[in-house]
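K.L.:
quick one, fold the following:
(one chain, ligands or ions: 2)
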Amino acid sequence: MRLHEYQAKEIFADAGLPVPDADLADTVGDAVVAAERIGYPVAIKAQVHVGGRGKAGGIELAESEEEAREAAESILGMDLKGYTVNRVLVEAAVDFVDELYVGITMDRGAGRPVAMVSTRGGVDIEEVAAESPEDITREGVDPAFGLHPYQARRAVYGAGVAREVAHDVAGVLTTLYDLWNARDATEAEINPLMITSDEAVVAADAVMNVDDDALFRQPDLEAMETDSYEDDLERKAGEYGFDYVRLDGDVGIIGNGAGLVMTTLDLVDYYGGEPANFLDIGGGAQADRVANALDMVFSDPNVEAVVFNIFGGITRGDEVARGINDALERFDEIPKEVVVRLAGTNAEEGMEILNTDLVEVEGTLEDAVRRAVENAEEVSA
Ligand code: GDP
Ligand code: MN
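P.N.:
Numbering: from 1, shown residues only. Ligands and ions are numbered 1, 2, ... in the order given. This is a model prediction of the structure:
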């Protein structure tokens with residue numbers, strides 16, 4: 001479960017981390033009221049689950065009531081990488097001289113948490129990690145003892161953080177670790193941690209992911225989920241009973257079986273495409289489930305082409321093919337090219353039954369994926 005910035009900041013504030021004064025707003029009027037209360041300048045920030053909101057136009061600074069109104073008008077309702085912005089966080093803008101990165105995540109290789117610090121805050125930390133990993137200091141944490149203060153200091157000084165603020169930054173890092181641990185987080189990150197001209201540190205952004213399997217013992221976080229569950233596609237997937245994960249690419253993927261879908265994702269990547277989602281419709285392929293799955297990928301604005309990877313097992317290939325035909329006939333038009341690969345029991349019979357007016361059929365998974373990647377490229381060309 002990924003918290004919104006405003007939710008993560010509430011949790012951070014409760015733990016004693018320094019966050020700007022802020023209010024949440026879902027109308028332009030409320031945003032202006034919030035700005036007036038807080039005082040200018042304010043930062044108005046889209047509350048959607050995408051990174052890089054700044055660059056994408058989801059964050060604006062406002063110096064006056066008029067600017068606050070204009071900023072709220074342009075951000076509320078906007079489409080940010082496929083997500084509609086329904087809420088903005090209006091907060092006191094920070095006048096900063098430096099932007100740091102601090103974060104806690106799980107180091108799966110080492111099998112323990114890791115605390116990280118970098119003076120290259122404010123930019124995508126994955127980019128920093130790829131280009132110049134030496135700009136990030138890391139301290140592995142023994143969960144039995146937590147992050148020792150000396151480790152926090154070593155990470156902070158090692159990253160080259162200015163001496164004047166090093167003590168406070170180290171304090172933020174240890175508090176962040178304790179929070180990560182107490183809240184069953186998989187990730188807790190402040191990017192940027194802003195340093196002001198009078199040497200104060202402020203968490204200008206907040207990211208927190210919580211382990212879904214631990215939500216039963218984090219009831220207050222679990223309760224937050226209901227009102228933050230605003231990705232329509234993921235909600236739909238929940239209603240349909242699908243395992244679904246939305247990704248950044250443009251090739252929609254549907255399969256019956258998690259392994260089958262993962263393989264398809266890998267192949268899409270291998271052939272130079274980018275998967276738009278993981279979607280496992282589970283065993284069988286009855287017309288209803290197929291239609292629901294198609295409805296999902298068709299309604300994702302990022303999807304340019306679809307690949308359907310079905311393995312006929314107990315549900316035979318010919319039944320699967322009838323299900324796919326029935327499902328496709330329910331759509332007045334097929335908005336995106338669909339390629340089907342059918343394997344397993346009665347695959348041959350199934351492929352003959354598939355209505356090639358509605359779908360493209362390929363005999364092998366490789367061919368199907370290549371075709372779908374090409375279809376997506378043609379659409380975006
Ligand atoms: P993200 O792009 O989604 O990670 O959103 P952030 O909250 O990290 O903001 C991105 C960038 O916007 C920051 O690195 C700052 O440069 C700028 N920004 C955000 N909040 C403020 C603020 O309060 N004051 C100022 N001056 N800039 C801000
Ligand atoms: Mn950020």
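K.L.:
if you count neighbours, what's buried in stretch 161-178?
P.N.:
161, 165-166, 168-178 (16 or more other C-beta atoms under 10 Å). (C-beta placed from N, C-alpha, C; glycine too.)
K.L.:
starting at the chain centroid, how far to that stretch?
P.N.:
27 Å (C-alpha atoms, centre = their mean, to the nearest Å).
K.L.:
which residues touch the residue in the stretch 201-350 of the chain that ligand 2 sits nearest to?
P.N.:
Nearest residue of the stretch 201-350 of the chain to ligand 2 (C-beta to the ion) works out as D205 at 3.6 Å. The contact partners of D205, by C-beta atoms under 8 Å, 6 or more residues apart in numbering, come to 5, 190-192.
K.L.:
so which of those belong to strands?
P.N.:
190-192 (DSSP state E).
K.L.:
what subset of these is also close to ligand 1?
P.N.:
191-192 (C-beta under 6 Å from any ligand atom).
K.L.:
so which of the ones in strands among the contacts of D205 is the most crowded?
P.N.:
I190 (30 neighbours; other C-beta atoms under 10 Å).
K.L.:
and M351, how far is that from ligand 2?
P.N.:
Distance of M351 to ligand 2, computed by C-beta to the ion, to the nearest Å: 48 Å.
K.L.:
secondary structure class for that residue?
P.N.:
helix (DSSP: H, G, I helix; E, B strand; the rest coil).
K.L.:
test for you: state the pLDDT assigned to it.
P.N.:
M351 is assigned 91 on the pLDDT scale.
K.L.:
right, and it touches A343 too?
P.N.:
No: the pair M351 / A343 is not scored as a contact, 9.6 Å apart, by C-beta atoms under 8 Å.
K.L.:
identify the contacts common to the two.
P.N.:
Residues touching both M351 and A343 by C-beta under 8 Å, 6+ apart: G317.
K.L.:
tell me which of the contacts of D205 is nearest to L265?
P.N.:
Set against L265, the nearest of the contacts of D205 by C-beta to C-beta is N191 (27.3 Å).
K.L.:
and the pLDDT for the residue lying closest to the closest one once chain neighbours are set aside?
P.N.:
Counting by C-beta to C-beta, 6 or more residues apart in numbering, N191 lies nearest to Y101, which is 4.6 Å off, once chain neighbours are set aside. Looking at Y101, its pLDDT stands at 98.
K.L.:
likewise for V373?
P.N.:
Predicted confidence (pLDDT) for V373: 97.
K.L.:
mind checking which of the buried residues of stretch 161-178 land in strands?
P.N.:
Per DSSP E, those never map to strands.
K.L.:
mind putting these into a markdown table with distance to A144?
P.N.:
Formatted as a markdown table, these follow (distance: C-beta to C-beta, whole Å):
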| residue | distance to A144 |
| --- | --- |
| V161 | 27 |
| V165 | 30 |
| A166 | 26 |
| D168 | 27 |
| V169 | 25 |
| A170 | 21 |
| G171 | 22 |
| V172 | 23 |
| L173 | 19 |
| T174 | 16 |
| T175 | 19 |
| L176 | 19 |
| Y177 | 13 |
| D178 | 14 |
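K.L.:
break the chain down into its domains, please.
P.N.:
The chain breaks down into these domains under automatic domain parsing: 21-92, 96-220, 232-380.
K.L.:
and the second one, how far out from the chain's middle?
P.N.:
Taking the mean of its C-alpha atoms, domain 96-220 sits 19 Å from the chain's own mean (C-alpha atoms, centre = their mean).
K.L.:
equivalent analysis for the longest one, please.
P.N.:
On the basis of C-alpha atoms, centre = their mean, domain 232-380 sits 22 Å off its chain's mean C-alpha point.
K.L.:
right, and ligand 1 sits closest to which residue of the stretch 151-300 of the chain?
P.N.:
Residue nearest to ligand 1 within the stretch 151-300 of the chain: D205 (3.3 Å; C-beta to the nearest ligand atom).
K.L.:
quick one, phi/psi of that residue?
P.N.:
Dihedral pair for D205: phi -140, psi 160, per degrees, to the nearest 10.
K.L.:
contact partners of stretch 30-37?
P.N.:
In contact with stretch 30-37 (C-beta under 8 Å, 6+ apart) are residues 22-25, 42, 44, 62, 65, 68-69, 71-72, 76, 88, 90.
K.L.:
burial measure for F311, as a count.
P.N.:
21.
K.L.:
export the one helix or strand it maps to to CSV, keeping only CA atoms.
P.N.:
Assigned by DSSP states H and E, F311 belongs to strand 305-312. Coordinates of each C-alpha in strand 305-312 appear next as CSV, following Å, rounded to 0.1, in the frame of the first residue of the first chain:
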residue,chain,number,x,y,z
ALA,A,305,-1.9,-2.6,-28.0
VAL,A,306,-2.9,-5.8,-26.2
VAL,A,307,-1.4,-9.2,-26.0
PHE,A,308,-3.5,-12.1,-24.7
ASN,A,309,-1.5,-15.1,-23.5
ILE,A,310,-3.7,-18.0,-22.6
PHE,A,311,-2.9,-21.5,-21.6
GLY,A,312,-5.7,-24.1,-22.0
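K.L.:
list the buried ones in the next helix or strand after that strand?
P.N.:
Next along the chain after strand 305-312, taking DSSP H and E as the criterion, comes helix 317-329. Buried positions in helix 317-329, judged by neighbour count with 16+ other C-beta under 10 Å: 317-325, 327-328.
K.L.:
with stretch 40-48 instead?
P.N.:
41-48.
K.L.:
ok, which of the residues you listed also contact ligand 2?
P.N.:
Among those, no residue is within reach of ligand 2 (C-beta under 5 Å from the ion).
K.L.:
the helix or strand hosting the residue nearest to N191 near ligand 1 at all?
P.N.:
Y101 is part of strand 96-107, with elements assigned from DSSP H and E. Yes: using C-beta under 6 Å from any ligand atom, strand 96-107 reaches ligand 1 at E99.
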